[in-house]
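# Let's see this in three dimensions:
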Amino acid sequence: MFNKGVFFATLILLTGCEPVSIADKELVKQDNGYTVYFGGDIVTMSGEQASYVEAVVEHNGKIVFVGNKKAALRQYPATLTQVDLQGSTLLPGFIDPHSHFMSALMMVNQVNVAAPPVGTATNIPQIIAKLTAYQQEQNIADGGWLVGWGYDQELIEEQRHIIKTELDAAFPNHKVILIHVSMHGAVLNSNALAWANIDKNTKTPKGGIIARMPNSNEPAGLIMEMAYIPVFEKLPQPSEAEMLNLMAKAQKHYTSQGYTHAVEGFTHTKHIDFLLKAAQQDKLVIDIAALAAFTEMDKWFDNPKYKFGEYHNKFKLHACKITLDGSPQGKTAFVSKPYLTTGPAGQHHWHGESSITQTQLDGLTKKMFTANIPLQIHTNGDAAIDMMIKTVEQAGITAKDDRRTVIVHSQFQRPEHLAKYVELGLTPSYFTLHTYFWGDVHVKNIGKNQAYFISPMKAAKSAGLITSNHSDFNVTPLDPFFIIWSAMARESRSGAIIGAEQRIDAYSALQALTIGPAYQFFEENRKGMLKEGLLADFVIIENNPLKQDVTEIKNNKVLTTIKEGKTVFSILNLVGNDQDQHGCKNSAGYAWCSSTKRCERPWLLAKEQKFANESAAFTEFCKN
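Predicted structure coming up:
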C-alpha cells in the first residue's frame, strides 16, 4: 500500500504559468497557505462510530474543511498545496493523557537499568555493570552521582530489592540512586542516604516507606512515597541552559510517536518556571500541559505568576495534581484488602497507605474547587478511590458541575465505583499497559479478581464514562500503538489474558488517545477531532488500526506529525517539510522577502510589483 516511505504531493501553479489575480495571491500567501490532505483513510474521530472523509483542508493552523475532495478543491484556491497520502491514514494528533515530560530532559544524564523490553537488565550484577560502564564512559569523579531509571525488583532474577551494601561495594566513592519504575521510590547507597539525611534515627514519615536492615533501624536503601518525594525534589538536574537546549530532543520523544500534546504530570514549581521560560523563548513545538504538585501549593496557589487554564506559546498550567497513594507494582497502592504478599519493606498484612489523611484531602479538594482549579488525582488502590469519592461527595460536587476531576490510573477500582464516577463527574485516565508489564505480578500480589478488573475500559464505557489511556512515561514507553494493543489484547508478559471481558475495540482505544483526553483537559473544542475550526493537529500513520488485526497493531508506524499545520516530525519527503528559518515552504515555491516581511512566491510578486520574473530581480526587490 505504502510505496518506499515517500509521499507524493501535487503543487498547482508553482511555475506561475496560469494568470492569478492579486486577490488570489492574497489568499495563498505563505502566512495564509492552504493545504489539502487526501488519498488515504482520514478518520475524523467525531462520534461514537468511525467516520471517514475524503479530504481535510488546513489554513493558518486550523482545520477549515472536512469532507469531499471535489468540494475541497472547488471551494478553496487552485493554488493550494495538495498532499496525497498514498494510502496511509490521517488521524487527529495523539493527545498524551498523562506522562512526565520533564523525565525526557532528566534522562539525558541517567542510566537505563530497566528490564526488557524497555532495557536489558535482568539481574542485579547487570544493573551494577550498567552503572559502572556509565561512570567510566562519562568519567564521573568521586563524589558524583550515578542515577539509574526503570529499576524494577519484580522483573529481575533475584525477585527482591537491591540493598545499599551491594551498591556500596561497587561504588564506595559515588552517590547512587536507582529510581523505581513506578517513579514512587528509589534505592540509594550509603553516600546518597547520607546526602539525603536519612539514617537510623530518621523516622518514617506518614505515607512513606524507609526499608530497614534486618534486626536493625539502619536504612536498607529503599525509600518510597512520602519519604521519597523530598529526595526527588532536590536531585541534581541539568542546568537551565542545558535543559533549554534539550527541549527539541525531549519533544521529539513525543512527536516521533505522533503526539501533538504532552503532559508534565507532577510539576514542581522550579519546573513550572522552566517551562514558562521555554515557552517565552519559543522552544515549544507541541502543547505542554503541566499539573502543579500539591506538595508545593504554598508556592503556586493564589500567586499571580501562575495562571491556570491559559495557553502561552503552547504552555498551559492546567490543574493541581494530588498523589493520594502509591503504585500497584511497587505494592504501595492503598487497598481495602491486604496484599497476598508482603509489603515493599517486608510488612505483613500490608494494605499500602494513603499519602495524606482524609481530612487533609478534604481540605485540598475544597480549596481547589473554590478556586476553580481543576484536580487530577493519582489514585491506584480501591481504598484510595473510596477516599476520593468521599471527598468529592463532601464538597457537594456532582456531574452537573462539569469539574471533570480526573482519576489518574484508577487501577484497582471495584465495579461499584463506576456508578459513583458517573454521578460525581469523575473521569478516569487508565493505564492498560499494566496488563502487559505487570499483569502477572498483580495476579500474584492482589489476586485474579482485582487484577482482571484493572483499567476496566469496557465497563467504564458501558457506564457512559469518557476515558483516556496513558503511558505514564517514563514508567512505560510513549508508543501509542503499544497502548492501543494493550487495551485491545490485555495480554501479559507470560501470555496470560488479564481480564478478557475488559478488552475494547480499536476505535475505543483510539478515542482514549484523542477525544477522551481532549475532554479531560477541557479542550474538546480545540483538538482531538478532525472538525472545522479545531487545530490542524494531525498524525499520519502507516496503517489504519481500525482495519488491522490486533496482533498487527504494535507494528504500526508514525510517518508524520503535524502541529497546527506545521510538520514537527516526519520520516517522509512530505511537502512543506522543508521550511527555512523564516518558515517559508520552499517545496511550495515560497521564498523570504525582507521588504514585504513575509514569504512570497516570486513570480506572483513580480507580476504584482511589475518587475522581471527573474531571480536577480526578486533578490533586488526584496533587499532591505
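# Could you chop this structure up by domain?
Using automatic domain parsing, the domain parsing of the chain gives 8-93+544-622, 101-233.
# Go through those and find the least confident stretch.
Here the domains of the chain differ in mean pLDDT, and the lowest is domain 8-93+544-622 at a mean of 80.
# Tabulate the domains of the chain (a markdown table), appending mean neighbour count.
For the C-beta atoms, the positions are set from N, CA and C on the backbone; glycine is no exception. Shown next, in a markdown table, are the domains of the chain (neighbours: other CB atoms under 10 Å):
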| stretch | mean neighbour count |
| --- | --- |
| domain 8-93+544-622 | 18 |
| domain 101-233 | 19 |
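# Looking at those domains, spot the one closest to Phe412.
Nearest of the domains of the chain to Phe412, taken as CB to CB: domain 101-233 at 14.0 Å.
# Could you dump the domains of the chain into JSON lines with distance to Ile322 added?
Converted to JSON lines, the domains of the chain look like this (distance: least, CB to CB, whole Å):
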{"stretch": "domain 8-93+544-622", "distance to Ile322": "28"}
{"stretch": "domain 101-233", "distance to Ile322": "12"}
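# Figure out which of the ones you listed is closest to Glu393.
For the domains of the chain, the distance to Glu393 is smallest for domain 101-233, at 22.4 Å, taking CB to CB.
# chain center to that closest one: distance?
Domain 101-233 sits 25 Å away from the centroid of its parent chain (CA atoms, centre = their mean, to the nearest Å).
# could you measure the closest residue to Gln450 other than its chain neighbours against His442, distance?
Nearest in space to Gln450, with sequence neighbours left out and distances taken as CB to CB, 6 or more residues apart in numbering, is Phe412 at 5.2 Å. Remark: distance between Phe412 and His442 (CB to CB, to the nearest Å) = 8 Å.
# any residues in contact with both of the two?
Shared contacts of Phe412 and His442, defined by CB atoms under 8 Å, 6 or more residues apart in numbering, are found at Pro328, Gln450, Ile454.
# can you pull the contacts of the second one?
The neighbours of Gln450, taking CB under 8 Å, 6+ apart as the test, are Val335, Asp382, Phe412, His442.
# Report the buried members of these.
When the contacts of Gln450 are checked for burial by 16 or more other CB atoms under 10 Å, the buried set is Val335, Asp382, Phe412, His442.
# quick one: the third one is in a helix?
No - for Phe412, which was evaluated using DSSP: H, G, I helix; E, B strand; the rest coil, the result is coil, with no helix membership.
# Now do it, the pLDDT please.
96.
# Tell me who's in contact with it.
By CB under 8 Å, 6+ apart, the contact list for Phe412 reads Pro328, Ala333, Val335, Asn380, Gly381, Asp382, Ile385, Ile446, Gln450, Phe453, Ile454.
# from those residues, which ones fall inside helices?
Among those, the residues falling in helices (DSSP state H) are Asp382, Ile385, Ile446, Gln450.
# Tell me the one among those nearest to Leu244.
For those, the nearest to Leu244 is Ile385 (39.2 Å; CB to CB).
# Enumerate every residue touching the closest one.
Going by CB under 8 Å, 6+ apart, Ile385 touches Thr379, Ile407, Ser410, Phe412, Gln413, Arg414, His417.
# Let me know whether the first one touches Ser410 as I believe.
Spelled out, that is Thr379. Yes - with contact defined as CB atoms under 8 Å, Thr379 reaches Ser410; the gap is 6.3 Å.
# avg pLDDT for the strand or helix carrying Lys270?
Using DSSP states H and E, Lys270 sits within helix 269-280. Helix 269-280 carries an average pLDDT of 97.
# and the very next helix or strand once past that helix, which strands flank it?
Counting by DSSP H and E, the next helix or strand C-terminal to helix 269-280 is strand 287-293. Here strand 287-293 has these sheet partners by DSSP bridges: strand 259-267 (parallel), strand 315-323 (parallel).
# could you list every residue that touches the residue nearest to Ala612 when sequence neighbours are not counted?
Excluding its sequence neighbours, the residue lying closest to Ala612 (CB to CB, 6+ apart) is Ala606, at 6.6 Å. Counting by CB under 8 Å, 6+ apart, Ala606 makes contact with Ala612, Asn613, Glu614, Ala617, Phe618.
# what's the closest of those to Trp300?
Nearest member of the contacts of Ala606 to Trp300, counting by CB to CB, is Phe618, at 51.6 Å.
# what packs against the helix or strand harbouring the closest one?
Phe618 belongs to helix 615-622 when assigned by DSSP H and E. Using 3 or more CB pairs under 8 Å, 6 or more residues apart in numbering; DSSP states H and E as the contact test, the elements touching helix 615-622 are strand 591-593, helix 602-609.
# Tell me which strands the shortest one pairs with, and in which orientation.
Read that as strand 591-593. Strand pairing (DSSP bridges) places strand 591-593 next to strand 598-600 (antiparallel).
# Centre of the chain to the partner strand, how far?
Between the mean C-alpha position of strand 598-600 and that of its chain there is a distance of 35 Å (CA atoms, centre = their mean).
# ok, now stretch 338-346?
Offset of stretch 338-346 from its chain centre (CA atoms, centre = their mean): 31 Å.
# Now that stretch - C-alpha only, PDB.
Output of stretch 338-346 as PDB, limited to C-alpha atoms (Å, rounded to 0.1, in the frame of the first residue of the first chain):
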ATOM      1  CA  PRO A 338      -4.300  -6.900  52.300                       C
ATOM      2  CA  TYR A 339      -1.900  -7.800  49.600                       C
ATOM      3  CA  LEU A 340      -1.300 -11.600  49.200                       C
ATOM      4  CA  THR A 341       2.400 -11.000  49.500                       C
ATOM      5  CA  THR A 342       4.400  -8.900  51.900                       C
ATOM      6  CA  GLY A 343       4.900  -5.200  51.600                       C
ATOM      7  CA  PRO A 344       7.900  -3.500  49.900                       C
ATOM      8  CA  ALA A 345       9.800  -3.400  53.200                       C
ATOM      9  CA  GLY A 346       8.600  -6.900  54.200                       C
END
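# No further questions, thank you.
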